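Peer 1: Return a 3D structure for these sequence lines:
(chains A, B, C and D)
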Protein chains: 2
Amino acid sequence: MHTSKRVLFLDLVLSILRLNGLLIAEGDAMTEKLDLTHARWKVIGAIALSTNGLTVPGIARVLGQSRQAVQRITDVMVEDEILEYRANPKHKRSVLVTLSEEGKEVYINLRDVQDPWAINVTEDIPAEELETALRLVRRLIKKFN
Amino acid sequence: MHTSKRVLFLDLVLSILRLNGLLIAEGDAMTEKLDLTHARWKVIGAIALSTNGLTVPGIARVLGQSRQAVQRITDVMVEDEILEYRANPKHKRSVLVTLSEEGKEVYINLRDVQDPWAINVTEDIPAEELETALRLVRRLIKKFN
DNA sequence: AATCGAATGACAACATAATGCCAAAATAAA
DNA sequence: TTTATTTTGGCATTATGTTGTCATTCGATT
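Peer 2: Numbers count the residues shown, from 1 in each chain, chains lettered A, B, ... in the order given. This is a model prediction of the structure:
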């Protein structure tokens, strides 16, 4: 049966919205014992994946959120000594957000629960399918940037 | 270059979080003139795609959200006469949420902006890729249900 | 029919995020 | 350099969503 691309795409959009909600629930359940919330582990994940450090608006762009929302979270995480603000050589006002020593430990603990989860979930999914999906998702992201 | 499935998957997860944010921004920009917010068009979309009507918790399941959040939105949308609560033959307390006459018009307007957008975005993307991605996303949704 | 567990509605408290606004700084363009 | 545009920080307001709790209803099991 032939389904039009339009319907296919709208279905994909709704499914991604749904998967987003489920992923957040998964993450929250997974990080419950680490005293993390999704707002927090999303920020930690974004920073950990970056190579040269990220500014607050940079994190917001990676996460597809408003910079104000990210700023709020990073401020309290700096207070909690999970994150640190460091001078940004490329920008006087916009500081870089980095993991503190404690934050790095948190990240290690995060990976300790995240990795087995990722391995388990993808157990029966070929890498090729993941790659194809990732390529498409990135392609869409580019369009909307 | 070979990337492990684990990293691939975690990358996909972050990308989906990001795409989610961008899709919401796209939708909000698109529906600005329709006086809709993403919380609202998500509900309208879910109802419109259902065949036999949906209850509030049903909508929440489709959207991957809490039923309380959906209830809050549907309550104000009923006040605004976009939605209607109808008796549910299968459940005494859990009513069905349907589009009112005005709501149907809103949905028509929604499709008027949504369809060209969907067609435009998928212009250079083969249907097969969309199908593959949709299959994977649904597969993941099933895992997390 | 009686009972038990799951689903639902209702409400409150809280967390997260978006929006709007303005000033300062950075970047790009002239 | 000067000007214009964009980015950023900060702040307040509002919107959205989650979590927790309790009573009611539904559905399944016995």
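
Peer 1: which parts of chain A sit against DNA strand C?
Peer 2: A:37-40, A:42, A:64-66, A:68-69, A:72-73, A:90-94 (C-beta under 7 Å from any atom of the strand). Quick note: C-beta positions are derived from backbone N, CA and C, even for glycine.

Peer 1: Just the closest residue of chain A to DNA strand C, please.
Peer 2: A:Lys92 (2.3 Å; C-beta to the nearest atom of the strand).

Peer 1: For that residue, pull up the helix or strand it's in.
Peer 2: Take DSSP states H and E as the rule and A:Lys92 turns out to sit in strand A:91-99.

Peer 1: What separation is there between A:Ile125 and B:Arg6?
Peer 2: 12 Å (C-beta to C-beta, to the nearest Å).

Peer 1: again with A:Leu14
Peer 2: From A:Leu14 to B:Arg6 the distance is 27 Å (C-beta to C-beta).

Peer 1: And A:Ile119, by the same measure?
Peer 2: Distance, A:Ile119 to B:Arg6, by C-beta to C-beta: 6 Å.

Peer 1: These two: who's more crowded?
Peer 2: With neighbours defined as other C-beta atoms under 10 Å in any protein chain shown, A:Ile119 and B:Arg6 compare such that B:Arg6 has more, 17 against 13.

Peer 1: thought the more buried one was touching A:Asn120?
Peer 2: No: counting by C-beta atoms under 8 Å, A:Asn120 is not a contact partner of B:Arg6; they are 10.0 Å apart.

Peer 1: continuing past the one helix or strand A:Gln68 maps to, what's the next helix or strand?
Peer 2: Here A:Gln68, judged by DSSP H and E, is contained in helix A:67-79. Remark: after helix A:67-79, the chain's next helix or strand is strand A:83-88, criterion DSSP H and E.

Peer 1: which helices and strands does that following strand pack with?
Peer 2: Under the contact criterion of 3 or more C-beta pairs under 8 Å, 6 or more residues apart in numbering or on different chains; DSSP states H and E, strand A:83-88 touches helix A:67-79, strand A:91-99.

Peer 1: Please point out which parts of it sit buried.
Peer 2: Buried residues in strand A:83-88, counting neighbours by 16 or more other C-beta atoms under 10 Å in any protein chain shown, are found at A:Leu83, A:Glu84.

Peer 1: I'd like to check the angle between that strand and strand A:91-99, please.
Peer 2: 150 degrees (axes from the mean of the first three to the mean of the last three C-alpha atoms, to 10 degrees).

Peer 1: in chain A, which spans are helices?
Peer 2: Per DSSP state H, chain A carries helices over the ranges A:5-30, A:38-49, A:56-63, A:67-79, A:101-121, A:127-144.

Peer 1: so can I have CSV of these showing distance to B:Lys142 and mean pLDDT?
Peer 2: Below are the helices of chain A laid out as CSV (distance: least, C-beta to C-beta, whole Å; pLDDT from 0 to 100):
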stretch, distance to B:Lys142, mean pLDDT
helix A:5-30, 10, 87
helix A:38-49, 21, 90
helix A:56-63, 25, 92
helix A:67-79, 30, 93
helix A:101-121, 11, 91
helix A:127-144, 15, 91
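
Peer 1: so which of those helices gets nearest DNA strand D?
Peer 2: DNA strand D lies closest, by C-beta to the nearest atom of the strand, to one member of those: helix A:56-63, at 3.4 Å.

Peer 1: Output that closest one in CSV, but only the C-alpha positions, please.
Peer 2: Coordinates of each C-alpha in helix A:56-63 appear next as CSV, following Å, rounded to 0.1, in the frame of the first residue of the first chain:
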residue,chain,number,x,y,z
VAL,A,56,25.0,28.6,27.4
PRO,A,57,23.4,29.6,24.1
GLY,A,58,25.5,26.9,22.4
ILE,A,59,24.0,24.3,24.7
ALA,A,60,20.6,25.7,23.9
ARG,A,61,21.2,25.3,20.2
VAL,A,62,22.4,21.7,20.6
LEU,A,63,19.4,20.8,22.7
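
Peer 1: Just give me the residue right at the centre of chain A.
Peer 2: Chain A has A:Lys42 as the residue nearest its centroid, 4.1 Å off, counting by C-alpha atoms, centre = their mean.

Peer 1: Am I right that that residue is in contact with A:Gly64?
Peer 2: No: between A:Lys42 and A:Gly64 there is no contact, the gap being 10.0 Å when judged by C-beta under 8 Å.

Peer 1: which residues are common contacts for the two?
Peer 2: B:Leu17 (C-beta atoms under 8 Å, 6 or more residues apart in numbering or on different chains).

Peer 1: circling back: which among the residues of chain A next to DNA strand C count as buried?
Peer 2: A:Ala39, A:Arg40, A:Lys42, A:Gly64, A:Gln65, A:Ala69, A:Ile73.
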